[in-house]
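Chemist: when you get a sec, could you give me coordinates for this:
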Amino acid sequence: MFSKLKYLVYGIVGIAVVYVVLTDTDDAGVTRTDLDQVLNVAVGSLDSMEGKENITKENAMDTFASSYAQELNASQPAIHAGAIGVATNTDGSFDGFADDNNNAVKDSGEKELFNLEVDSENNRLIASDETYTRDHGFSGTGLIAGMLIGSMLSRQRAAGKNPASRKATSKSAYKSARSRAGSGSHSRGK
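Modeler: Now for the predicted structure:
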């Protein structure tokens, strides 16, 4: 009897740990996405574009979105508890969203998790959610990644966007908010 109870307790604790890892909530109870991990996967996806064939200026954005979504979903630790989709926007940015029905299309009611855009003036990728903005520098992109970034930039200019003025949330403020998330905040005690 005691060993069954012990395994039940271990199971409950395991489920609680998985829940805390997969759901990162701030003090207001809003689930957050790890923007630094989102950026790391984006940089890796840009690098992996170099090995792909049949990429043209016309399909570079959609090809990246598909590849990026696959890599986000395969990322460990998991970025989101469910499937993540990536939508290409007319302004040259990408929206990562909770793809609840796993059809790779952003349907009505599917929550946006983050937005990814490029800032060519400062050679950085920018990921943001409703509250935070993080960035990651890039340099020396290959031919295919350069074509993708060029396509993103031309769409940004056509939409009148200039992400160069966007400031990233400081690493200490972002990490402080993330460390409080899921484990109780300073206002609720631990």
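
Chemist: C-alpha only now, for contacts and for neighbours.
Modeler: Noted.

Chemist: contact partners for residue 144?
Modeler: Counting by Cα atoms under 8 Å, 6 or more residues apart in numbering, residue 144 touches 49-50, 55, 60.

Chemist: which member of those is positioned nearest residue 70?
Modeler: Using Cα to Cα, residue 49 comes nearest to residue 70 of the contacts of residue 144, at 12.7 Å.

Chemist: need the longest strand for this protein.
Modeler: The longest strand of the chain (DSSP state E) is strand 112-119.

Chemist: which secondary structure state does the residue most central in space within the chain sit in?
Modeler: Centroid check for the chain by Cα atoms, centre = their mean gives residue 38 as the closest residue, at 3.3 Å. Going by DSSP: H, G, I helix; E, B strand; the rest coil, the secondary structure assigned to residue 38 is helix.

Chemist: distance of it relative to residue 55?
Modeler: 23 Å (Cα to Cα, to the nearest Å).

Chemist: do a quick rundown of the helices in the protein.
Modeler: Under the criterion DSSP state H, the chain contains helices at 2-22, 35-48, 60-74, 143-159, 171-180.

Chemist: that older thread, the residue nearest to the centre of the chain and residue 125 touch, don't they?
Modeler: No. Shown here, residue 38 and residue 125 do not form a contact pair, counting by Cα atoms under 8 Å, at 10.3 Å.

Chemist: I'd like to know how far the closest residue to residue 122 other than its chain neighbours sits from residue 100.
Modeler: Residue nearest to residue 122 in three dimensions, not counting chain neighbours: residue 164, with 6.6 Å by Cα to Cα, 6 or more residues apart in numbering. As for residue 164, its distance to residue 100 is 33 Å (criterion: Cα to Cα).
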